[in-house]
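> Just a sequence and a predicted model for now, questions to come.
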Amino acid sequence: MAGKTLYDKLWDAHLVKERDDGSALIYIDRHIIHEVTTPQAFEGLRLAGRKPWRVDSILATPDHNVPTTAVERASGVEGIEDPVSRIQVQTLDDNCDEFGIVEFKINDDRQGIVHVIGPESGACLPGMTIVCGDSHTATNGALGALAHGIGTSEVEHVMATQCLVAKKMKNLLIKVDGELAPGVTPKDVVLAIIAKIGTAGGTGYAMEFGGQVFRDMSMEGRMTVCNMAIEAGARAGMVAVDDTTIDYVKGRTYAPNEAQWEEAVANWKELVSDADAEFDKVVEIDGASIMPQVSWGTSPEMVLPVDASVPDPAQEADPVKKSGIERALQYMGLTAGQKITDISVDRVFIGSCTNSRIEDIRAAAEVAKGRQVASSVIQAMVVPGSGQVKAQAEAEGLDKILVEAGFEWREPGCSMCLAMNADKLGNGEHCASTSNRNFEGRQGYGGRTHLVSPAMAAAAAVAGHFIDVRDLTAQA
Amino acid sequence: MKSFTQVTGIAAPMDRANVDTDMIIPKNFLKSIKRTGFGKNLFDELRYLDEGLPDQDCTGRPLNEEFPLNFPRYQGAKVLLARENFGCGSSREHAPWALDDYGFRAIIAPSFADIFFNNSFKNGLLPIILPAEVVEQLFQEMYATEGYELSIDLAEQVVKTPSGESFSFEIDEFRKHCLLNGLDDIGLTLQDADAIRAYEEKRKQQTPWLFGAIKPA
Ligand code: SF4
């Protein structure tokens, strides 16, 4: 019999019951919740007279709607100007209080984006099944966990039963070997993967990221990669456990205590795909060939190396793809064949669950240090992913470097990633953004998003247009 | 979920084909943080003469006196008589939520849109398919008789008219079972509560660090 993949092991370890119709009940270890996708679920529990099955499995924080300016944040929930947002945040607080759920509230210094605070607090651990009413939950797969997003009905289902009704997915291995060139980051790796396999390339699969590049990658880098698995169509992305994983987890607030530590580590070391495991599909990419990436269109697969030119629909034979390119060029206000480095940027957003951790802030600050945001750029903001990231960055003096360079330094939250709060793009504005979705209108009505790494975003802020960050730093 | 066994109540008309979910509950009411309270905005654009706002008190709004649900004779209706392809359009679960919140327990039509049909079962609302000519007969009898009531017996799978005439309808056995017993997905999963508990006990032995680290208030 062939060995098991990491996903097979995680699935088997959580199987409560297989049903006749091919579905299964999967036990959920950790449930992270936020204000947008939970109100109806709590309402459902109340209407049915139910209580959460295991309150100690749940951790809550508001993130999508919270304002990120220090002024608006100063008076907590009360201070949120938009009444609809305020009610959603208040409702989360009330629900958590009512059911006794631990919540990092708006001005708690542990508050932050759900997918940042989970690993950071140790609430999310290797070997767990982790769900959250948000499609970027796969971020946690970096820990060697089975993590994915769920809908509101499923949020209620998991709260009430501690289980999810699921069907087993197929196994996909994305293997990136070799060594990354200097200046190439995890974000560039994942964008290159999506460019190669497409936004539906992972549909129906659990996606494991393997190979030398991921072995050499930091935990935060692995989180950036797993975060965007959904942009390649895969509900779950994951990386096998190694010493990097274990070192990362050690000492975190909710990590196993000393008495349990050795046993936990022994358990986690099993969380790798067996050498003879069989994957349904394997995609191999040469790590050394990856360049810094910039998305030019309105889908995360519309991505190119920074030295490339925007595609020409006339060169495309497939009529569906051709019209897709035409539509995207029109929405993005670009002309066929235009060089990526000739696209100027109006705003810069460094943040989101993809790139708002300390390593991301450091990368941005390193580029910003001693430079200035170009005068043509209306706004460049850095939004840390959590209160902990913010505190750490400030302790390292990164906030000062960024502010001196002309960036705004904000309070933690989702912010301009989806523009549910006041942070948004104006109609027609181009944004160098470290977030994960470049859909039409995602960052504001008519806004034009270009997905990049934190270093590339900072470089674009300084240059006023896209530029290979390595060219910028070489000029110094 | 509410169970459905027998319902007897006034029938009211939605006498047009292809009623879409946007018509059932317009999109400006989807910002709500609740699953309840959509009843007052059911068919909002048809029912009222002004434009509705979320969270608005609807009691003083000008009613469209020509819309049947505003007629005194249909107040308190529990059964909605409808035409072909009821519930088409967007997949919003707010549509069955709104019908249920208004007080409807069943909808009778010659055909339904798929997603709406499924969503209804999840919310204790019974969509009944009857042949077009039977639906036409019910419409005519309802228009002719003020206070016209229909009785629905799910176990027997019949709709009875005031004159005692009865029409049987088809329903998937599994869905019937769920509705009769008020079982939603959660209810069904909870039938395996023992298996879940047994798994949990085993897991506590094997991986004790996964339990109790987060200390609820
Ligand atoms: S940062 Fe963006 S993608 Fe991430 S959870 Fe928030 S809104 Fe979703």
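Yes, it's here.
> In the longest helix that chain A contains, which residues are buried?
Ordering each helix of chain A by length in residues (DSSP state H) puts helix A:83-99 first. By 16 or more other CB atoms under 10 Å in any protein chain shown, the buried positions in helix A:83-99 come out as A:Ser85, A:Arg86, A:Ile87, A:Gln88, A:Val89, A:Gln90, A:Thr91, A:Leu92, A:Asp93, A:Asn95, A:Cys96, A:Phe99. Quick note: C-beta positions are derived from backbone N, CA and C, even for glycine.
> what's the closest non-adjacent residue to the residue of the stretch 201-350 of chain A at minimum distance from chain B?
Closest residue of the stretch 201-350 of chain A to chain B, CB to the nearest CB: A:Pro256 (3.6 Å). Once flanking residues are discounted, A:Pro256 sits nearest to B:Trp209: 3.6 Å by CB to CB, 6 or more residues apart in numbering or on different chains.
> these two touch, right, that neighbour and A:Ala266?
No. Under the criterion of CB atoms under 8 Å, B:Trp209 makes no contact with A:Ala266, lying 11.8 Å away.
> These two: which has the busier surroundings?
Using other CB atoms under 10 Å in any protein chain shown, the more surrounded residue of B:Trp209 and A:Ala266 is B:Trp209, with 19 against 9.
> need the contact list for the more buried one.
By CB atoms under 8 Å, 6 or more residues apart in numbering or on different chains, the residues touching B:Trp209 are A:Leu125, A:Ala255, A:Pro256, A:Asn257, A:Gln260, A:Glu263, A:Ala264.
> you'd agree it is in a helix?
Yes. Assessed by DSSP: H, G, I helix; E, B strand; the rest coil, B:Trp209 belongs to a helix.
> Verify the stated contact: B:Leu188 with B:Arg175.
No. The criterion here is CB under 8 Å, and B:Leu188 misses it with B:Arg175 at 11.5 Å.
> can you redo the buried residues of helix A:83-99 as JSON lines with pLDDT and distance to A:Thr68?
Converted to JSON lines, the buried residues of helix A:83-99 look like this (pLDDT from 0 to 100; distance: CB to CB, whole Å):
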{"residue": "A:Ser85", "pLDDT": "84", "distance to A:Thr68": "12"}
{"residue": "A:Arg86", "pLDDT": "91", "distance to A:Thr68": "15"}
{"residue": "A:Ile87", "pLDDT": "92", "distance to A:Thr68": "19"}
{"residue": "A:Gln88", "pLDDT": "89", "distance to A:Thr68": "16"}
{"residue": "A:Val89", "pLDDT": "94", "distance to A:Thr68": "13"}
{"residue": "A:Gln90", "pLDDT": "96", "distance to A:Thr68": "18"}
{"residue": "A:Thr91", "pLDDT": "95", "distance to A:Thr68": "20"}
{"residue": "A:Leu92", "pLDDT": "96", "distance to A:Thr68": "17"}
{"residue": "A:Asp93", "pLDDT": "97", "distance to A:Thr68": "18"}
{"residue": "A:Asn95", "pLDDT": "97", "distance to A:Thr68": "23"}
{"residue": "A:Cys96", "pLDDT": "98", "distance to A:Thr68": "22"}
{"residue": "A:Phe99", "pLDDT": "96", "distance to A:Thr68": "28"}
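> List just the nearest of the residues you listed to A:Gly251.
A:Cys96 (26.2 Å; CB to CB).
> residue ranges with poor pLDDT in the stretch 301-450 of chain A?
A:420-421 (pLDDT under 70).
> could you redo the last one with a cut-off of 80?
Low-confidence segments of the stretch 301-450 of chain A (pLDDT under 80): A:320, A:418-423, A:440-442, A:444-445.
> before we move on, what about the stretch 101-250 of chain A?
A:151-152.
> go again using 90 as the cut-off
A:133-135, A:149-154, A:165-167, A:199-201, A:203-204, A:230-231, A:233, A:235 (pLDDT under 90).
> which ones are touching residue 67?
Picked chain A for this. A:Arg73, A:Gly79, A:Ile80, A:Glu81, A:Ser85, A:Glu411, A:Gly413, A:Asn421, A:Ala422.
> Chain B, not that one
Per CB under 8 Å, 6+ apart, neighbours of B:Phe67: B:Phe43, B:Leu46, B:Arg47.
> Filtering the residues you listed by proximity to the ligand, which remain?
The subset of these within reach of the ligand, counting by CB under 6 Å from any ligand atom, is empty.
> Okay, and which of those map to helices?
B:Leu46, B:Arg47.
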